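# I would like the atomic coordinates for the input below:
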Amino acid sequence: MARTEPTAVVDKTDETGAPADAVRADDLAGLEAGLDALETVQSGRTPFSRTFREKILPPLTAVVVVLVVWQALISFKIVDDPTKLPAPSDVWAEVQNAWLKGELLGYIWTSVSRGLLGFVFALVIGTPLGLLVARVKFVRAAIGPILSGLQSLPSVAWVPPAVLWLGLDNSMMYAVILLGAVPSIANGLVSGVDQVPPLFLRAGRTLGATGVRGLWHIVLPAALPGYLAGLKQGWAFSWRSLMAAEIIASSPDLGVGLGQLLENGRNASSMPMVFLAIFLILIVGIVIDLLIFSPLERRVLRGRGLLVKN
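Numbering: from 1, shown residues only. A predicted model of the protein is given here:
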């Protein structure tokens, strides 16, 4: 007679006696709730007191500290030569003088309009160039090193040949901006495309996203962080290239931008005017970053779950 082996009974309970299926369901529900909590976006408006404390107060404090130190250098005769370091009141008087003459906004607009328009031209040229270099091996081997070399070349080096080629007009300014910004934008996009995970490309091809559709729906969105970094660097190069061109090339037909204002201050040995131009150049750069690039960067990071909106 065959001997019957005892059948093992699987205990579907955990240590507390609860059914294992129920425990797993509770764990999954808890995990899902945790993920939902991470993705939850608070829709309420942030209190002004918190915004002031976290966003406004720190830069204001830094500005006050700089002004206090600056004034202390003057008051305690640490620097007693106004031709080397003017007092804050002298620079403020220069600001008031330019404002009362109606010239202050003209200085800013002349440079900002050139810089933004030149950056748009660089964006239109640099984006397809970057895609071409990133996706075509022969093109990368041919001009990839050239783009890297152009990116490291000081923008001021392009001003003399641009003047000889195009003369003293706005086309010369835009040429210098393009030569300074296009390599940065193109290289930023190339870097972003190189960092796209191959799994994304295979998944896109499986779903039918090939050719232009794959480029638009898969490659560009995945390469967006690197591309955005290239845009920020491209704007920095655009702005610096423009300032170099305005300082070196002067003509009544070009108007007076911030770079020309800086050069006028040097020619007149007016340190308040020089400091005014420097501060305006710095402020414009900060404002452009805060109004354009910082919101874009926050949106990209938030879309990838790397930044929680408070």
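# so where's the stretch 201-310 of the chain uncertain?
Scanning the stretch 201-310 of the chain for pLDDT under 70 picks out 306-310.
# Dump the C-alpha coordinates for stretch 259-276 into CSV.
Extracted in CSV, the C-alpha atoms of stretch 259-276 (Å, rounded to 0.1, in the frame of the first residue of the first chain):
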residue,chain,number,x,y,z
GLY,A,259,29.2,99.2,-23.6
GLN,A,260,29.6,102.5,-25.2
LEU,A,261,28.6,104.2,-22.0
LEU,A,262,31.3,102.3,-20.2
GLU,A,263,33.8,103.5,-22.9
ASN,A,264,32.6,107.1,-22.6
GLY,A,265,33.2,107.0,-18.9
ARG,A,266,36.7,105.8,-19.4
ASN,A,267,37.5,108.4,-22.0
ALA,A,268,36.1,111.1,-19.7
SER,A,269,37.9,109.7,-16.7
SER,A,270,34.5,109.6,-14.9
MET,A,271,34.5,106.7,-12.5
PRO,A,272,30.8,107.3,-11.5
MET,A,273,29.8,106.9,-15.2
VAL,A,274,32.0,103.7,-15.4
PHE,A,275,30.4,102.3,-12.3
LEU,A,276,26.9,103.2,-13.6
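# Give the buried residues for that stretch.
259-265, 270-276 (16 or more other CB atoms under 10 Å). Heads up, the C-betas are built off the backbone N, CA and C, glycines and all.
# Could you check how far that stretch is from the centre of its chain?
Taking the mean of its C-alpha atoms, stretch 259-276 sits 28 Å from the chain's own mean (CA atoms, centre = their mean, to the nearest Å).
# Stretch 162-179 too?
Per CA atoms, centre = their mean, the centroid offset for stretch 162-179 relative to its chain is 25 Å.
# and after the helix or strand hosting Arg202, which helix or strand comes next?
Arg202 belongs to helix 198-206 when elements are defined using DSSP states H and E. Downstream of helix 198-206, the next assigned helix or strand under DSSP H and E is helix 211-214.
# Could you look up the next helix or strand downstream of that next one?
Helix 211-214 is succeeded, C-terminally, by helix 220-222 (DSSP H and E).
# Now do whatever helix or strand comes next after that next one: which elements does it pack against?
Moving toward the C-terminus from helix 220-222, the next helix or strand (DSSP H and E) is helix 224-248. Taking 3 or more CB pairs under 8 Å, 6 or more residues apart in numbering; DSSP states H and E as contact, the helices and strands that helix 224-248 lies on are helix 104-135, helix 159-166, helix 170-194, helix 258-267, helix 271-288, helix 294-303.
# Need the contact partners of stretch 88-102.
Stretch 88-102 is contacted from outside by 67, 70-71, 74, 82, 104, 107, 270-273, 275-276, 279, using CB atoms under 8 Å, 6 or more residues apart in numbering.
# avg pLDDT for it?
Mean per-residue pLDDT for stretch 88-102: 92.
# from here on, count from 24
Taking 24 as the first residue, the last one we looked at is stretch 111-125.
# Mind listing what's buried along it?
113-114, 117, 121.
# For Thr133, give me its contacts.
Neighbour list for Thr133: 278-281 [criterion: CB under 8 Å, 6+ apart].
# Let's see that with 10 Å instead.
269, 277-284 (CB atoms under 10 Å, 6 or more residues apart in numbering).
# separation between it and Leu152?
Separation of Thr133 from Leu152 (CB to CB, to the nearest Å) stands at 29 Å.
# The helix or strand that contains Val88: what's the following helix or strand?
For Val88, the host element (DSSP H and E) is helix 80-98. As assigned by DSSP H and E, the chain's next helix or strand after helix 80-98 is helix 111-123.
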